[in-house]
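In: Return atomic coordinates for the entry below.
(2 chains)
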Protein chains: 2
Amino acid sequence: MSRPKYKGFARRGSDRLEASLTLEEPRSPFARLWRVLVGVPIHSELEIHERLTKKKALAVFSSDALSSVAYAPQETVVVLLTAGAAALFWSLPISIAVVILLAIVVFSYRQTIYAYPSGGGSYIVAKQNLGETSGLIAAAALWVGYILTVSVSIASAVDQLVSAVPSLLPLRVALGVCAVALVTLANLRGIRESGSIFAAPTYMFLASMFLMVGLGMFHLIAGDLVVTPPSGLPPPVAAVTPFLLLRAFAVGSAVMTGTEAISNGIPAFKPPESRNAAQTIVAMAVILAVMFLGLAMLIVGASIVPTEQETIISLLAHGVFGDGWLYYVVQFSTVLILVLAANTAYADFPRLASLLARDNYAPKQLAFRGERLAFSNGILMLGLLSALLIVVFGGSTGALLPLYAVAVFAAFTLSQSGMVQHWRSVRGRRWQLKAGINGVGACATGLVAVIAASTNFMNRDLPIVPGLSLGWGSWLVLVIVPIFIWIFRTIKAHYAESEAVTALPMDCEDLDRPLRNVVVVPIARLNRPAVQALRYAQALSNDVTAVHVATDPRAAREIEEKWPIWGRGVPLTIVESPYRSLTRPLLQYLTELRRHEKAETVTVVLPEYVPDTWWQHLLHGQSAQFLKLSLLFTPGFVVTSVPVHPEDDEDAEAPLTLHA
Amino acid sequence: MSRPKYKGFARRGSDRLEASLTLEEPRSPFARLWRVLVGVPIHSELEIHERLTKKKALAVFSSDALSSVAYAPQETVVVLLTAGAAALFWSLPISIAVVILLAIVVFSYRQTIYAYPSGGGSYIVAKQNLGETSGLIAAAALWVGYILTVSVSIASAVDQLVSAVPSLLPLRVALGVCAVALVTLANLRGIRESGSIFAAPTYMFLASMFLMVGLGMFHLIAGDLVVTPPSGLPPPVAAVTPFLLLRAFAVGSAVMTGTEAISNGIPAFKPPESRNAAQTIVAMAVILAVMFLGLAMLIVGASIVPTEQETIISLLAHGVFGDGWLYYVVQFSTVLILVLAANTAYADFPRLASLLARDNYAPKQLAFRGERLAFSNGILMLGLLSALLIVVFGGSTGALLPLYAVAVFAAFTLSQSGMVQHWRSVRGRRWQLKAGINGVGACATGLVAVIAASTNFMNRDLPIVPGLSLGWGSWLVLVIVPIFIWIFRTIKAHYAESEAVTALPMDCEDLDRPLRNVVVVPIARLNRPAVQALRYAQALSNDVTAVHVATDPRAAREIEEKWPIWGRGVPLTIVESPYRSLTRPLLQYLTELRRHEKAETVTVVLPEYVPDTWWQHLLHGQSAQFLKLSLLFTPGFVVTSVPVHPEDDEDAEAPLTLHA
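Out: Next up is the predicted model:
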């Protein structure tokens, strides 16, 4: 028999249909607006095409790391200057140390990328090699880190905008939330498009930076690089101690975050994924190292000291380009890259969340790919949480930043230690060397985590981003991370329990026998919906009973009188309710009926009049809703509403859908 | 066949059960508290016993009128004093005029009480004799009046309390809302008990007033009534004009409100209802007249002028009782009676609301008698609306009082005019005389309405209750009453429409034929709930189809593989959804299935896992809820959830009920 044609579907076999794109057409103004903002849904089979080229991947995954050159050198200098202008020299060796650390971490992660081609973030590596708890610690630390990245970097970009246009000050929170919404929306459009959106500003920033550093070097060697000297430095308040140098080093190591993002996001690369990811991570490291060292040399060579009014970047740009338009290109692209720093978290958090969801540690909805193949729920969750942080902290989320370095470097350490364990169990060619590289990485990142935590354990006086005044100590990480882990475990326990309850047993006797069902129709008034409900009930079963709970004897008499005409032969029981309550007597009657009829289920068929508008609901008793809610929580009862519509037309079109 | 025993019910016939009181036992702490506050439910057959004796009826229905002696004489004097101390004399003739008006109104209403033994409020009388619009105007005016009575009198009682204990000032609104809640609760306990609660303070007030007026008269005649003279009166600002006297008269006529309450509440009296009601209204009028005239004579005889610190009642009580405990009895019972003035509205509003509901002008729930046989929904509605007014106006609802007199007297006029029309059509013995009496009543009340409206049409400078400072003009009545009427009519139109839709037709062909139903089970995962849903579906129909919307090809393959084992022979259709949406393809599939199967209804059986706690709901997809909502608004579909509970025990107890 040829199967009939189903409108809106393509037939893929005798019992297989495929939904077409026409079904996804937006039907409401809101849906149409959403379609414009987010774009046309993408077919699942195109997932392989929704990948990033290396160029776009560099923009998507490294904007956070690259943006750090806009503030990390400056903050290193600020820390050093507490020991006087003579200490400025130390910024060069510290930058070299940071670059060495970067090299170690990148080499270490390159190995992870090849060892875990389907995504080797800290969570995966730590969980597989060090056990569940280590994995969850890494995941919790990274969640904290990503949420903070978004709110902190957006808030600081807004701060820079506000210091340029002070009249915007009252709109600080609103601007921050809008910026989060925009970045969220761009990411909902899908990974490839958000890559395109963010590539241009990233490369503009890189180009202008390289031009500035290159020209600056040239002028430095030629001896004509003139940077406005500061009006007068404050006297030194500290000596050059190892502690001071370590703090300066911890500030500089903020450049490292992009490495985790790339190794978590391997599946977003075009094939061959691992090789492309590995090349991208190396490219990122080289670019960073060059910019970082170049800036350090210029700072030391030209003795650049930031003033209260002007950042080092701005001073240098003035020195190199004067007041020309190139100066403004540098400044503008610096602000942009600070906004884009948030995007690294958007590329990474939803992916990590989907991994946790797949392992049942997070709500399953986070593993769902939206209409544009992005993990839309994770993107929305990140957007909501960071917007919430911005609102709660009134736009001053910078105070939370110190937590960030501790959390991220702790995750790195776990990941690198996991890799050491990995090589020890996998072995293979030159495994001792590989384990050694990862071991060095683990030690280095662990050291940075300890430095970052110990230099501001109780409260923050380490200005990582300009404008910070009050901060939370890194102890807060010790509170938040266990809370996250407890949430992860609670969710997993719930899924395990519901899995156990809903699992199909080996012996299926009780599921094999047919089910005995009795159908009851409660009659409130004998009208058209009631008769429709009786007709429907008779289509379900030969064993139908009707019941009327009589709160008003006159209404009961009227029903009894009309029953022979309209009752369709169904036996009617009158339950008098002399205390005028409806639900209690009916529930008790149904319970007793089930017991006497030895039925496995009792189906309660309720006629339901569906009014046109919401206020009309208030004019009809809500007893049906109460009954439904009461019975939902009682095993053995099924409630069925037979909707009766004001216009009950026969040839209904496809129903209006709700956004699901 | 002897029918089985149903626990919790008494058998009243082969197909008739009666719910016993045990079913109403409270099962939650909240329900137990409610039981303590409101009392044990009362059997419907006891309605005739839940009636008021004349003594209690006087307390319930007249507290508003009686309380007016606490302020009406004083306010008359205040109005007159604007024309100087010499004008004080006029308060005696004005009081006589008020008493004459009272006599006219009471005689007029006595006739109504006998003519409408089942309740003859303005709404009924005006509607039956003058038409729907007049009835609705009367009803709307009375609603406004009753809601204002409660909020205004409670707020003014709170004001008096606050002027005694100024530290309570910040709690003004809270105290008002608490007082409203207490009066509401007392009324929810049922009419008889609230009568008992309110009788004692009312009679204490009457006794102390009569004692004070009697002793005062004795001292006045003996010539030794000494009342502290005021320190100095302000100079007169107006002359004794007819307008001034009319204003003073309008203030005094506030005593009239109890008459409407009694004639609306006839069914609350013990039988013979009409005679008891008529005797009660006369008793109220006599008591009021005596107190009113007595006070007026004392005021004029002893030249009592209120001061800013002390009211006339207080001055008089001091003069008669000195500083003894009897002085405090008078003051205390005066405050109490002001609170109880609210109770008249509670006795009357719910009854009027139930009449409107019975005529479909108000939500039907207002005609429902609660567990204590009181119209609980009407009582709650009055409590909520007046508490809302208190909150919105920050406890200064006195500003709204002028509207009250206009609204109530307009309703009186409509009622009396209706009675004239009534006698003209009914005729009978001495009908001209009866029509004449009601005609005089109509003219008198109409005149008062016009006076009350015209003396403060644009804004209020007539201090009816002490403490008023800013007010709304009576024009507001012209806005509010039409809005109420529009609401009444809209509700009636909706009920008429739904009545027409749900009415049973004369030719019942389409309702006679059996209904063709197809059952579909959407399968998300092949687990225990899904198999239970299949078993249930097979109990409903021999024509069951299963469908899986495949957003993930792996999950679809898994279901297809397991289907031969667990599918119970039900045909399975796979609908591939390459854009990963669930609801749209499923809805379209169901629509097409219904069309091809030519089914009148499609029953969608959904397995529903019911988690233990609310947050666990968030961990499961809400697609089932979206689907239900979407299908509820589409004719031809019925959605049935088969609940699967974490512990699916077979011997379930009666389900926990929700408050309905």
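In: Remind me which helix or strand A:Val519 belongs to.
Out: strand A:517-522 (DSSP states H and E).
In: who touches whichever helix or strand comes after that strand?
Out: For strand A:517-522, the succeeding helix or strand toward the C-terminus, using DSSP H and E, is helix A:528-540. Helix A:528-540 has contacts (C-beta atoms under 8 Å, 6 or more residues apart in numbering or on different chains) with A:517, A:519, A:521, A:523-524, A:544, A:546, A:566-568, A:570, A:603, A:605-609, A:642, A:644, B:501-505, B:511, B:514-517, B:540-541, B:601, B:603, B:638. (Glycine included, C-beta is placed from N, CA and C.)
In: ok, A:Leu384 - how many residues close by?
Out: The number of residues packed around A:Leu384, counting by other C-beta atoms under 10 Å in any protein chain shown, is 12.
In: so what's it up against?
Out: Applying C-beta under 8 Å, 6+ apart, no residues qualify as near A:Leu384.
In: ok, it to A:Val477 distance?
Out: 22 Å (C-beta to C-beta, to the nearest Å).
In: Same question for A:Arg424.
Out: 29 Å.
In: Could you check which of the two is surrounded by more residues?
Out: A:Val477 (24 against 13).
In: ok, the more buried one touching A:Val408?
Out: No: applying C-beta atoms under 8 Å, one finds A:Val477 not in contact with A:Val408, separated by 10.3 Å.
In: anything in contact with each of these two?
Out: Common neighbours of A:Val477 and A:Val408 (C-beta under 8 Å, 6+ apart) are A:Ala141.
In: what's the burial count for whatever residue of the stretch 301-450 of chain A ends up closest to chain B?
Out: Residue of the stretch 301-450 of chain A nearest chain B, by C-beta to the nearest C-beta: A:Pro363 (5.1 Å). Other residues near A:Pro363 number 20, with proximity taken as other C-beta under 10 Å.
In: Do I have it right that it meets A:His494?
Out: No: using C-beta under 8 Å, A:Pro363 is not in contact with A:His494, being 10.0 Å away.
In: Which other helices and strands does the strand holding A:Val519 contact?
Out: helix A:528-540, strand A:544-550, helix A:583-597, strand A:601-609, helix B:528-540 (3 or more C-beta pairs under 8 Å, 6 or more residues apart in numbering or on different chains; DSSP states H and E).
In: For those, give me CSV that also has mean neighbour count and distance to B:Pro166.
Out: Shown next, in CSV, are the helices and strands packed on strand A:517-522 (neighbours: other C-beta atoms under 10 Å in any protein chain shown; distance: least, C-beta to C-beta, whole Å):
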stretch, mean neighbour count, distance to B:Pro166
helix A:528-540, 23, 60
strand A:544-550, 23, 54
helix A:583-597, 21, 48
strand A:601-609, 23, 55
helix B:528-540, 23, 64
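In: Which one of those lies nearest to B:Ser417?
Out: When the helices and strands packed on strand A:517-522 are compared by C-beta to C-beta, strand A:601-609 sits nearest B:Ser417, at 39.6 Å.
In: Take the helices and strands packed on strand A:517-522 and write them to a markdown table, including distance to A:Leu188 and mean pLDDT.
Out: Below are these laid out as a markdown table (distance: least, C-beta to C-beta, whole Å; pLDDT from 0 to 100):
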| stretch | distance to A:Leu188 | mean pLDDT |
| --- | --- | --- |
| helix A:528-540 | 42 | 90 |
| strand A:544-550 | 50 | 91 |
| helix A:583-597 | 44 | 89 |
| strand A:601-609 | 37 | 87 |
| helix B:528-540 | 32 | 90 |
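In: does A:Leu92 really touch A:Leu298, like I thought?
Out: No: applying C-beta under 8 Å as the test, A:Leu92 and A:Leu298 come out as separate, 10.3 Å apart.
In: Pick out whichever of these two has more residues nearby.
Out: A:Leu298 (24 against 15).
In: That one: what secondary structure?
Out: Under DSSP: H, G, I helix; E, B strand; the rest coil, A:Leu298 falls in the helix class.
In: Please apply the same query to A:Ser91.
Out: Under three-state DSSP, A:Ser91 comes out as helix.
In: Give me the neighbour count for it.
Out: A:Ser91: 24 neighbours (other C-beta under 10 Å).
In: What distance do you get for it to chain B?
Out: 50 Å (C-beta to the nearest C-beta, to the nearest Å).
In: and that residue, what does it touch?
Out: Neighbours of A:Ser91 in contact, by C-beta under 8 Å, 6+ apart: A:73, A:76-77, A:80, A:248, A:296, A:299-300.
In: And for A:Gly176?
Out: Applying C-beta under 8 Å, 6+ apart, the residues near A:Gly176 are A:151, A:154-155, A:158, A:387, A:390, A:395.
In: Span of stretch A:533-548 from start to end?
Out: 14 Å (C-alpha to C-alpha, to the nearest Å).
In: Just name the shakiest helix or strand of chain A by mean pLDDT.
Out: When each helix and strand of chain A is scored by mean pLDDT, DSSP states H and E, helix A:614-618 comes last, with a mean of 66.
In: immediately after that one, which helix or strand?
Out: helix A:623-632.
In: Next, the buried residues of that next one.
Out: A:623-624, A:626-632 (16 or more other C-beta atoms under 10 Å in any protein chain shown).
In: and A:Val213, backbone torsions?
Out: phi -60, psi -40 (degrees, to the nearest 10).
In: mind listing what it touches?
Out: A:Val213 touches A:290-291, A:294-295, A:298, counting by C-beta under 8 Å, 6+ apart.
In: Can you add distance to B:Ala442 and give the residues you listed back as CSV?
Out: Below are these laid out as CSV (distance: C-beta to C-beta, whole Å):
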residue, distance to B:Ala442
A:Val290, 100
A:Met291, 96
A:Gly294, 100
A:Leu295, 96
A:Leu298, 100
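In: could you say what helices and strands the helix or strand hosting A:Ile147 packs with?
Out: Using DSSP H and E, A:Ile147 maps to helix A:132-164. When contacts are defined as 3+ C-beta pairs under 8 Å, 6+ apart, helix A:132-164 packs onto helix A:54-67, helix A:122-130, helix A:172-188, helix A:325-358, helix A:376-392, helix A:401-426, helix A:475-502.
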